[in-house]
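Colleague: What would the 3D arrangement of this be:
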Amino acid sequence: MNIWNLFRRKSADAPGAQASTPGDPEALATEALARKLMVKAAKSNGMSVDNLNELIDKYGDGSDAKLVDEDPDRISYSADAIQALLDQGKYEEALLDASGSINNGSVDPAIHALKINALMCLGRDEEAIDFGNGSLQKWPTSVDLHCVLGCANNKLKRLTRAQEHFRKAIQQEPTHTRSHIGLGDSLAFARDFAGALPCYERALEIDPGNGMAWTNRAFVLADLGQFRAALESVERGIAIWPQHPTAPGLRAKLLHRLAVER
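Modeller: Down below sits the predicted model:
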C-alpha cells in the first residue's frame, strides 16, 4: 500500500473533509510535508535516510518515490531557525528540529526551551514539563527554561510552581520582560490583581512597546474597577498587537461600561 495514502485517507475520513484527487494541490502539499517530516524524524533519531528508504521498500508496495535528504550535512538547527518555525505555526517541524539538535549533541538550553514550547503548542503539556524539569537539572539557572516552565505550569493552572519559575528567571535576569508578564498572569489567575498589576508595569518600564503587557494590564485594571485606565491600556495594546484574541472584546465592554456610567 502506498504510504502517502495513509495521509490522504486520514484527511478524507475527517468530519466534513472531501477526498483528494490525484494532482490536487492540497494533497501534493500534504505529501511534500509528510516526506520532509519523515526525513527529519529519521535524522533526529539517528536513522539514515537510506535506512528509512529500505524500510519503505520492504513494507510498501513499491510505488513510493525515494525520500531525499535535501540537507544531508545538517544534523542540528539554530535556535533562531527553530523559533522561526514556531512563529510560522509549524510546530511538528519545530519539535523535530529541536529534538534532532538535542539528540545530536546540542548543549544550548535555548534549544531545550524551544522544544518545550513546541510540545506546549501541540498540547503535550505534561510531556513538556517533564522534559523541561530534566533540562533544568543540567541548567538550573537558565532564564529561558525557568520562563517556559513557568508558562507551561500557568497553562495547567499550577500557579505556585509557575510563580516559582518566573521569580527564579527574574532573579537571574531582572529585565526579562516575558517573565514579568508571566508572573503577572499567574497572579491574575490566582485573582491577586493588586499583585499582578506591578508585574505588567515593570514589564512596560523595560519594554514600552510590548502589546501583551499593555493588554494584560488592562484586564487586571478592569478587575480592579479602574475602567478608564483599563480602556487606555487596552487601546495601547490593540494598537501594538491587533491580533490579540480577546482584547477587542474587553475594549467593547469597557466602552459600554463607561457610557452607562456617564
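
Colleague: helix or strand for the nearest residue to Ala79 once chain neighbours are set aside, which one?
Modeller: Of all residues not flanking Ala79 in the chain, Ala110 sits nearest, at 4.4 Å (CB to CB, 6 or more residues apart in numbering). From N, CA and C alone the C-beta is placed, and that goes for glycine too. Assigned by DSSP states H and E, Ala110 belongs to helix 109-121.

Colleague: go on, Val148?
Modeller: helix 143-155.

Colleague: what about this structure, any weak spots by pLDDT?
Modeller: Along the chain, segments meeting pLDDT under 70 span 1-24, 26-76.

Colleague: Recalculate using a threshold of 90.
Modeller: Scanning the chain for pLDDT under 90 picks out the ranges 1-79, 81-82, 85, 90, 92-93, 95-97, 99-107, 243, 260-262.

Colleague: how's it carved up into domains?
Modeller: 1-67, 78-166, 174-262 (automatic domain parsing).

Colleague: Might one say that the residue nearest to Ala79 is in contact with Asp80?
Modeller: No - assessed by CB atoms under 8 Å, Ala110 is found out of contact with Asp80, at 9.4 Å.

Colleague: And those two? Which one has more around it.
Modeller: Ala110 (20 against 9; other CB atoms under 10 Å).

Colleague: Next, work out how far apart that one and Ala118 are.
Modeller: 13 Å (CB to CB, to the nearest Å).

Colleague: With adjacent residues omitted, what lies nearest to Thr141?
Modeller: Per CB to CB, 6+ apart, closest to Thr141 is Gln172, 5.5 Å.

Colleague: May I have the secondary structure class of Ser106?
Modeller: Three-state call for Ser106 (DSSP: H, G, I helix; E, B strand; the rest coil): coil.

Colleague: hmm, back to that, tell me what the helix or strand just after the helix holding Ala110 is packed against?
Modeller: As assigned by DSSP H and E, the chain's next helix or strand after helix 109-121 is helix 125-138. Using 3 or more CB pairs under 8 Å, 6 or more residues apart in numbering; DSSP states H and E, the elements in contact with helix 125-138 are helix 109-121, helix 143-155.

Colleague: Which neighbouring elements make contact with the last one?
Modeller: Based on contacts counted as 3+ CB pairs under 8 Å, 6+ apart, the elements that helix 143-155 packs against are helix 109-121, helix 125-138, helix 159-172, helix 177-189.

Colleague: Let's see whatever helix or strand Phe219 lives in as CSV, backbone CA atoms only.
Modeller: Here Phe219 sits within helix 211-223, counting by DSSP H and E. Provided in CSV are the C-alpha atoms of helix 211-223 (Å, rounded to 0.1, in the frame of the first residue of the first chain):
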residue,chain,number,x,y,z
GLY,A,211,1.4,44.8,23.4
MET,A,212,0.9,41.8,25.5
ALA,A,213,1.9,43.7,28.7
TRP,A,214,-0.5,46.6,27.8
THR,A,215,-3.4,44.3,27.2
ASN,A,216,-2.9,42.0,30.2
ARG,A,217,-2.5,45.1,32.3
ALA,A,218,-5.9,46.3,31.0
PHE,A,219,-7.6,43.1,32.1
VAL,A,220,-6.2,43.5,35.6
LEU,A,221,-7.2,47.2,35.8
ALA,A,222,-10.7,46.3,34.8
ASP,A,223,-10.9,43.7,37.6
